[in-house]
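K.L.:
what follows is a predicted protein model with its sequence.
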Amino acid sequence: MKHKLLALAATFALQASAGTFSGLSIGAFSDPITSGYVWNTFGLETTLTDNTVTAVYSGFDGVAGTTATAKWGFYPVADFPLPDGVDQESTLLFEGTQFFDVIGDQTIFKVGSITFTNGTSEIQTLLFGGTLTITPVQFDWSYLSDPLIIPFSIETTRNLGTPAFNADFVVFRTELGDVGAFVYEGASATFDIYAKIVGDPQTSFQQILVNPNSVGNGFVGGASPVPEPASLLLAGAALAGLAWARRR
């Protein structure tokens, strides 16, 4: 009898995971990290910075939606006006997608995208990470599976030079490794997230890819494990030097 029950349970699990699903993805940001490391202008050393008291942020309340926005940082605009088109806040924007006829355990489908924009803010107002939770739901907003949880970290630089020298380093931590980008000040990078619905069912992460539309937005890095921040900052310095030499 025990073996029959186990076989029956396995059959139900197989049917659930091999079903066909249609719906949309919702996301939410949570767990803001208020202390971390700030790189100096040349990316050669870091300073541990605790912004627990001074950090300025919003959008980390864990409320799920087809779009979710997390913002952090503050710039004293009244005293130091920013150039046109430069935002004082850094931003992570999650945009969910609709999906149709996803076959459990087989179909790899896009569950959404994340766009990181590197703003201009005072160091003591910044965050250093958080968590993005993505959940596929049916069109009636009933849950299809357990969520996909992606922690992320942000290492920043002191805004004392060119956009390349002021780049931030954003990393998404996944079960298949770390994926990130080195994003110039005032620029953006967009990551597309892919998953499968498997198991009982649950969402299984498959990959994060840099959206091709991000190319040219001033970042180095992409859909593979990234170098250490110092190496990226030195790469940015080299690019900035190359651009300067060309102008001459």
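P.N.:
Structure received.

K.L.:
show me where the protein has helices.
P.N.:
2-17, 229-247 (DSSP state H).

K.L.:
ok, of those, where does mean pLDDT dip lowest?
P.N.:
The weakest mean pLDDT among these belongs to helix 2-17, with a mean of 34.

K.L.:
okay, now the unreliable bits of this structure?
P.N.:
Applying pLDDT under 70 to the chain picks out residues 1-18, 40-44, 77-87, 159-164, 212-248.

K.L.:
can we see that at 80?
P.N.:
Scanning the chain for pLDDT under 80 picks out 1-18, 39-46, 75-87, 157-166, 210-248.

K.L.:
thought residue 98 was touching residue 24?
P.N.:
Yes: if you go by Cβ atoms under 8 Å, residue 98 and residue 24 touch, sitting 4.7 Å apart. No exception for glycine: its C-beta is placed from N, CA and C like everyone else's.

K.L.:
in terms of neighbours, single out the busier of those two.
P.N.:
Neighbour count, other Cβ atoms under 10 Å: between residue 98 and residue 24, residue 24 has more, with 19 against 12.

K.L.:
residue contacts, that one?
P.N.:
66, 96-99, 136-137, 139 (Cβ atoms under 8 Å, 6 or more residues apart in numbering).

K.L.:
quick one: which of the residues you listed has the most company?
P.N.:
residue 136 (28 neighbours).

K.L.:
need the nearest residue in space to that one, chain neighbours excluded.
P.N.:
residue 144 (4.5 Å; Cβ to Cβ, 6 or more residues apart in numbering).

K.L.:
report the separation between that neighbour and residue 208.
P.N.:
According to Cβ to Cβ, to the nearest Å, residue 144 stands 21 Å off from residue 208.

K.L.:
next up, the contacts around the closest residue to residue 72 other than its chain neighbours.
P.N.:
Nearest residue to residue 72 in three dimensions, chain neighbours excluded: residue 57, at 3.7 Å (Cβ to Cβ, 6+ apart). By Cβ under 8 Å, 6+ apart, residue 57 lies in contact with 32, 70-73, 127.

K.L.:
go again using 7 Å as the cut-off
P.N.:
Residues near residue 57 by Cβ atoms under 7 Å, 6 or more residues apart in numbering: 32, 71-72, 127.
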